[in-house]
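In: okay, structure incoming, though there's no sequence with it:
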C-alpha cells in the first residue's frame, strides 16, 4: 500500500482494523505505522526517513516486468528489461536489472512450462569440420607488402581482403601495442586498421613503426588509400587520442570525420574514479552506479549539449546525495575543453562504437602471447592467424547475413529510439538528463566490475605465481632411491551398542575393606 509518499505492508488484521507497517521497518527499523478502520486511516506513526514518492512507479515497473517474464517464457530476462526501460526511464534508474532479475526469475519459475519429451539429435548440434585444404589455399594468398623507400616499414595485408569486403565507410585505427624487435634492442609500435562493415570488424592492415610521428604514419595511410582506392571511402574514422596519428589520418583522408574511440574516454574516467576511491560505493548505492553510467554515456549526446547535460547531471546527483564533483570536473577539463566535445561525440550514426571493436580485438591479439614474450615474431604469428580467420569469415556463404546478439539488438533499438525522439522533439523540450538516463542502460556493467575487481585479480595472480615459484624449490628424491614411507594415523572406530542390549560393565576401582576399617578407627581415635 502507498500513502503520502511511503510504502506499507499489511502486518495483521483485527476485527475491522488493519495494521500496516513501513516497508523499511526490517532494513532500517523504521517505526512508521498506519491503522486503517473501515477503509479510513485513523492513526499514523512518524517515520525516520524521507518520503519516497517514486516507489509507486517502481512497483508498477516491477509488476510489468514479472508479467512479461511469465507471458514470454522463451525470451531472455535482459531483453524484457531493456524493452521496458524506454517506457519507465526513472523507475529503471531506481530498479536496475541486478535487482529485477531475481524477481522476474521467481515469477517465471512459478509458471514453468512442462519439459519437452522429444530429445533432439546430437548430430544437429555438432559443428562442421573445417577443410584443411581451404586453409592452405588461403595461406598462399597471404602476402607481405614492403615499401622500398623506407627499409623499416613493412605492411601486412591480405590479397583477398579488399576484394571481399566491398565498400568500406568506417575504419578504426589504433597504435597502442608495444613490442620489441627480434634483435631485442629496439622498441616497435603495432599499427592496426580495422574495417567496420555490417556491425562486424575485419582487420585489413598491420604495420610496425619505430616512432609515433606523422612522418612514420603518413606513408602507411597513403599506401592503404592507393591499395583500397576503389572500396575505401571512409566517412568516419575512429582512433586514439594521439595528435600525430590524427594529423596523419586527416592528411590522407581529408573528407573523413575523425573521432576518438569511446573506450579511451571510458577507461580514463574509470581509472580516475578508481584512483580517487569513488568505485567503493558503486555496488552499494544504485544512484552511484547510475551516475557513473550516465557519465560514461555523455559522448552519446550531441556535442553542443554535453556541457548542459553535465550540468544537469550535477544537479541530479546533488539531489540524490552523490558526491562525484571531482569526476565531473575531470570530464570538463580533460575531455570537453582540451580535446573538444566534437571529437568524442558519437551521436546519431556512431553509437555502435560502444561495442569496443578495437579494444576487444587488441585483447584477443595479445591473449595467446605472454607478457614476457611480446616480441615481433610472436605477434606476427598471431597476426597471420587473425588475418586468415577474417578472410575465412568473409568467404562464408552467409557473410551477407550478419545477425547481432539479442542484447545488442535491444541496445541498438534503445539508442535508435532515444536518438529519434531527441531529433523529433522541439529544442525547448529536449532534456539531456532524460536522454542520458535512457541510453545509460546500453553501458555494459562488466566494464565497471572489471575495474572494481582489478586489484583482487592481481593479488590472486601474484599469489599463484609465488606458490608456483616456491614449489620449484622442493627437494625431490632421486629415481634410484625408493620413495619415502608415509605413515597415516589409524582411524578411530566409534563403537555403537544396540538399544535392546544392556550397557557394558565398567570396572570401578575400590579400596580394600580392611584398609577402610583401619582408616575409620584412626579417625575416631
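Out: Arrived safely, thanks for sending. Being a predicted model, the structure only gives us computed values, none of them experimental.

In: going by C-alpha atoms from here, please, whenever you check contacts or count neighbours.
Out: Will do.

In: so what's residue 307 up against?
Out: 332, 336 (Cα atoms under 8 Å, 6 or more residues apart in numbering).

In: element containing it, please.
Out: Element membership for residue 307, per DSSP states H and E: helix 306-319.

In: what residues of that helix count as buried?
Out: 306, 307, 309, 310, 312, 313, 314, 317 (16 or more other Cα atoms under 10 Å).

In: tell me the helix or strand right after it.
Out: helix 325-331.

In: give me the buried positions along that following helix.
Out: In helix 325-331, counting by 16+ other Cα under 10 Å, buried: 327, 328, 331.

In: which residue ranges of this structure form strands?
Out: 2-3, 6-14, 17-22, 33-37, 40-44, 142-146, 154-158, 168-180, 187-197, 200-209, 232-239, 257-260 (DSSP state E).

In: which of those strands has the lowest average pLDDT?
Out: Set side by side, the strands of the chain give their lowest mean pLDDT on strand 142-146, at a mean of 51.

In: give me the number of residues near residue 445?
Out: Neighbours of residue 445 under the rule other Cα atoms under 10 Å: 12.

In: can you tell me how far it is from residue 279?
Out: Here the criterion is Cα to Cα, to the nearest Å. By it, residue 445 lies 13 Å from residue 279.

In: next one: residue 3
Out: 35 Å.

In: cool, residue 424 as well?
Out: Using Cα to Cα, one obtains 37 Å as the distance from residue 424 to residue 279.

In: do the same with residue 411
Out: Between residue 411 and residue 279 the computed distance is 25 Å (Cα to Cα).

In: ok so, going back, rebuild the buried residues of helix 306-319 as JSON lines, extending it with distance to residue 263 and pLDDT.
Out: Formatted as JSON lines, the buried residues of helix 306-319 follow (distance: Cα to Cα, whole Å; pLDDT from 0 to 100):
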{"residue": "306", "distance to residue 263": "17", "pLDDT": "93"}
{"residue": "307", "distance to residue 263": "20", "pLDDT": "92"}
{"residue": "309", "distance to residue 263": "20", "pLDDT": "93"}
{"residue": "310", "distance to residue 263": "19", "pLDDT": "93"}
{"residue": "312", "distance to residue 263": "23", "pLDDT": "93"}
{"residue": "313", "distance to residue 263": "21", "pLDDT": "93"}
{"residue": "314", "distance to residue 263": "23", "pLDDT": "93"}
{"residue": "317", "distance to residue 263": "24", "pLDDT": "92"}
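
In: using CSV, lay out the residues you listed together with distance to residue 234.
Out: As requested, the buried residues of helix 306-319 are exported to CSV (distance: Cα to Cα, whole Å):
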residue, distance to residue 234
306, 26
307, 29
309, 30
310, 31
312, 35
313, 34
314, 37
317, 39
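
In: any idea how far residue 13 is from residue 30?
Out: For residue 13, the distance to residue 30 - Cα to Cα - is 20 Å.

In: picking that back up, mean neighbour count for the strands of the chain - can I get that in CSV?
Out: Output for these, formatted as CSV (neighbours: other Cα atoms under 10 Å):
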stretch, mean neighbour count
strand 2-3, 13
strand 6-14, 14
strand 17-22, 20
strand 33-37, 18
strand 40-44, 12
strand 142-146, 14
strand 154-158, 20
strand 168-180, 19
strand 187-197, 20
strand 200-209, 20
strand 232-239, 20
strand 257-260, 20
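
In: put together CSV for these, with distance to residue 364 on each row.
Out: What follows is the strands of the chain, written out as CSV (distance: least, Cα to Cα, whole Å):
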stretch, distance to residue 364
strand 2-3, 52
strand 6-14, 49
strand 17-22, 52
strand 33-37, 58
strand 40-44, 61
strand 142-146, 20
strand 154-158, 18
strand 168-180, 12
strand 187-197, 13
strand 200-209, 12
strand 232-239, 18
strand 257-260, 21
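
In: go through those strands and name the closest to residue 105.
Out: strand 6-14 (22.7 Å; Cα to Cα).

In: which other helices and strands does the closest one contact?
Out: Judged by 3 or more Cα pairs under 8 Å, 6 or more residues apart in numbering; DSSP states H and E, the packing partners of strand 6-14 are strand 17-22.

In: least trustworthy helix or strand in this structure by mean pLDDT?
Out: helix 122-125 (a mean of 29; mean pLDDT, DSSP states H and E).

In: now the stretch 401-525 of the chain, which segments are flagged as low pLDDT?
Out: 401-404, 454-525 (pLDDT under 70).

In: domains in this structure, by residue range?
Out: What the record gives for the chain is the domain set 2-44, 55-110, from automatic domain parsing.

In: so which of those domains is the most packed in?
Out: Of all the domains of the chain, domain 55-110 has the most neighbours on average by mean count of other Cα atoms under 10 Å, namely a mean of 17.

In: much appreciated, bye for now.
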